[in-house]
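# quick one, fold the following:
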Amino acid sequence: MSFTTIQVQSLFSEVSLASNEEFLTTLFEKPGLRIERIISHGQASPEGFWYDQPQDEWVLLIRGSATLEIEAQPPLTLQLGDHVTLPSHTRHRVLETSPDALWLAVHADC
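Numbering: from 1, shown residues only. The predicted model follows:
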C-alpha cells in the first residue's frame, strides 16, 4: 500500500493582486463534484455571454464584492461571506467584480 503525504494548503496562497487575469484552480474533484477557487481582478462576463451549466453550482464570496445577473431577475450584489445557489441550467453572468474578489465554487451533478 502506498501512502500520500497530506499537506496543508491555503485558499489565499499564490494570490497575485497585480494580475489582470482571472485565475481558476480546482481544489478537489471526484465524479459528480468539483470545488474551485476563483480569483477575480475586476473581470466580468463578455457582453451577451451567459453561463448555462449542466451542474448545480454553489458560490461563496470570500473576499471583495461582485454582482451577478441571473436571467429574468434583478442583479444580485454579493459582499464578503454572501453565497448563492444556482440550480443547473440557470442562465447567469458576472456583471462586475472588485479587483480583489475571491470565490469558492462547488459544482455538483444533479
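
# just the pLDDT for Ala18.
The score at Ala18 is 61. That number is its pLDDT.

# ditto for Ile35
For Ile35, the model assigns a pLDDT of 98.

# from what I can see it touches Ala108, true?
No - counting by Cβ atoms under 8 Å, Ile35 stays clear of Ala108, with 9.6 Å between them. For every residue, glycine as well, the C-beta is placed using N, CA and C.

# between the two, point out the one with more neighbours.
Counting neighbours by other Cβ atoms under 10 Å for Ile35 and for Ala108 shows that Ile35 has the greater number, 16 against 13.

# residues touching the more buried one, list them.
26-29, 104-107 (Cβ atoms under 8 Å, 6 or more residues apart in numbering).

# can you map out the strands along this protein?
With strands called from DSSP state E, the chain shows them at 23-30, 33-40, 56-63, 66-70, 76-78, 83-86, 92-97, 101-108.

# make TSV out of these and add distance to Thr5.
As requested, the strands of the chain are exported to TSV (distance: least, Cβ to Cβ, whole Å):
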stretch	distance to Thr5
strand 23-30	17
strand 33-40	21
strand 56-63	27
strand 66-70	35
strand 76-78	36
strand 83-86	32
strand 92-97	35
strand 101-108	24
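
# out of those strands, which gets nearest to Glu47?
strand 92-97 (9.3 Å; Cβ to Cβ).

# the closest one - what's its average pLDDT?
Averaging pLDDT along strand 92-97 gives 97.

# distance between that strand and the chain's centre?
Relative to the centre of its chain, strand 92-97 is centred 11 Å away, using Cα atoms, centre = their mean, to the nearest Å.

# swap in stretch 53-66?
Using Cα atoms, centre = their mean, the offset of stretch 53-66 from its chain centre is 4 Å.

# again with stretch 64-83
Mean-position distance between stretch 64-83 and its chain equals 12 Å (Cα atoms, centre = their mean).
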